[in-house]
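A.B. asks: how would this look folded up:
(one chain, ligands or ions: 1)
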Amino acid sequence: MELDKRGLDLHGVRCPLCDDDLETVDHSLIFCKHVIDVWDRVYKWWNMDSFFNYSIIEICGTPVSNTNSMSKFGKKIWQEVNWIGLYLIWKKQNAKVFRNKCWNTPVALNEIQAKMFEWISARAKGKSIDWLTWLSNPSIYLSLF
Ligand SMILES: [Zn+2]
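C.D. replies: Model (predicted):
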């Protein structure tokens, strides 16, 4: 929609994943039925409240869900989980649009889990993050450290 507003000649302005709505930033990265299924799985994996009422601005700006019980490092992790999720969803959509790669929600979640682990482990600076705990109960890291 943003490119269309700026006069670029596009083939269409509907979501390339679902074709149910216009391809806005909020739709593409949050509310598309395929994407919202990924977010729902990510939030359940983290044992967090659903994010369905948040916009892209809220997800990018401050950590969503209740962060009161989180440590300083935990809040940082949770914010990065949201940012990494947005980045990876955007990347997977581009793979679908430009290289015709299939969108597969369970595979998307697995890739997000692995990439988040890689990124957050690298930023943990000496703090140990265990892969199996990461997969089964990652929210434990929100109050540790
Ligand atoms: Zn869509």
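A.B. asks: could you tell me which residues of the protein lie near the ion?
C.D. replies: Residues of the chain that fall close to the ion, judged by Cβ under 5 Å from the ion: Cys15, Leu17, Cys18, Cys32. Yep, even glycine has a C-beta here, placed from its N, CA and C like the rest.
A.B. asks: now those residues in JSON lines, with distance to Lys96 and neighbour count?
C.D. replies: JSON lines is the format used below for the residues of the chain next to the ion (distance: Cβ to Cβ, whole Å; neighbours: other Cβ atoms under 10 Å):
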{"residue": "Cys15", "distance to Lys96": "11", "neighbour count": "20"}
{"residue": "Leu17", "distance to Lys96": "6", "neighbour count": "18"}
{"residue": "Cys18", "distance to Lys96": "11", "neighbour count": "16"}
{"residue": "Cys32", "distance to Lys96": "11", "neighbour count": "24"}
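A.B. asks: Cys102 contacts His34, correct?
C.D. replies: No - counting by Cβ atoms under 8 Å, His34 is not a contact partner of Cys102; they are 10.9 Å apart.
A.B. asks: higher neighbour count, those two?
C.D. replies: A side-by-side neighbour count of Cys102 and His34, using other Cβ atoms under 10 Å, places His34 first with 18 against 8.
A.B. asks: residue contacts, the more buried one?
C.D. replies: Leu17, Cys18, Trp103, Thr105 (Cβ atoms under 8 Å, 6 or more residues apart in numbering).
A.B. asks: from Leu144, how far off is the second one?
C.D. replies: In this case it means Cys18. 38 Å (Cβ to Cβ, to the nearest Å).
A.B. asks: packing partners for the helix ranked longest in the chain?
C.D. replies: When the chain is scanned for its longest helix (criterion: DSSP state H), the result is helix 72-99. The contact analysis (3 or more Cβ pairs under 8 Å, 6 or more residues apart in numbering; DSSP states H and E) places helix 72-99 against helix 33-45, helix 56-61, helix 105-123.
A.B. asks: let's have those helices in CSV, adding distance to Phe73 and mean pLDDT.
C.D. replies: Shown next, in CSV, are the helices and strands packed on helix 72-99 (distance: least, Cβ to Cβ, whole Å; pLDDT from 0 to 100):
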stretch, distance to Phe73, mean pLDDT
helix 33-45, 19, 89
helix 56-61, 19, 70
helix 105-123, 9, 87
